[in-house]
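Asks: using only what follows, build the 3D model:
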Amino acid sequence: MVTIFHNPSCSTSRNTLGLIRNAGIEPTIVEYLEMPPSRDELAALIAASGRPTLDFVRRKDALFAEFERTLQGDAALTDDQLVDLLRDLPVLLERPIVVSALGTRLCRPCEAVLDILPLPQKGPFTKENGEVVGA
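Replies: Prediction:
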């Protein structure tokens, strides 16, 4: 079973979903803006990925820049504070996140999903920008 935390308006997320389906897998799709993960789920996803918590924050988003300005130069946010921020403002969650029996990945770039899919690609996949994966 494969689960994708997905934002349908994000091309990287759509391409990742396409790569999953190109392997013949129909994943569980969690549209996290509609049904945000709980704080515990977020913390578990981040921990399972092995990546720093800050990697899961859309730091280039104007909303995050505004949030940082309100801190007025205070010390950097702790991991717990970042998880709370992502719980409260799921729009700031970097995406997509994919979970399978082989691991958890923040799939940026979308090809990162290939490392954790239990089945190989059934053929080349063309991303939305025309780039072919697996040719």
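Asks: residues near the nearest residue to M1 once chain neighbours are set aside, how many?
Replies: Excluding its sequence neighbours, the residue lying closest to M1 (Cβ to Cβ, 6 or more residues apart in numbering) is T28, at 6.7 Å. In short, each C-beta sits where N, CA and C put it, glycine included. Close neighbours of T28, defined as other Cβ atoms under 10 Å, add up to 11.
Asks: list the contacts for R21?
Replies: P27 (Cβ atoms under 8 Å, 6 or more residues apart in numbering).
Asks: hey, C-alpha coordinates of the helix or strand hosting it in PDB?
Replies: For R21, the element it lies in under DSSP states H and E is helix 11-22. Only the C-alpha atoms of helix 11-22 are listed here, as PDB (Å, rounded to 0.1, in the frame of the first residue of the first chain):
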ATOM      1  CA  SER A  11       2.700  20.000 -10.500                       C
ATOM      2  CA  THR A  12       5.400  18.100  -8.500                       C
ATOM      3  CA  SER A  13       2.600  16.400  -6.600                       C
ATOM      4  CA  ARG A  14       0.700  15.600  -9.700                       C
ATOM      5  CA  ASN A  15       3.900  14.200 -11.400                       C
ATOM      6  CA  THR A  16       4.600  12.100  -8.300                       C
ATOM      7  CA  LEU A  17       1.100  10.700  -8.400                       C
ATOM      8  CA  GLY A  18       1.600   9.900 -12.100                       C
ATOM      9  CA  LEU A  19       4.800   8.000 -11.400                       C
ATOM     10  CA  ILE A  20       3.000   6.000  -8.700                       C
ATOM     11  CA  ARG A  21       0.200   5.100 -11.100                       C
ATOM     12  CA  ASN A  22       2.800   4.400 -13.800                       C
END
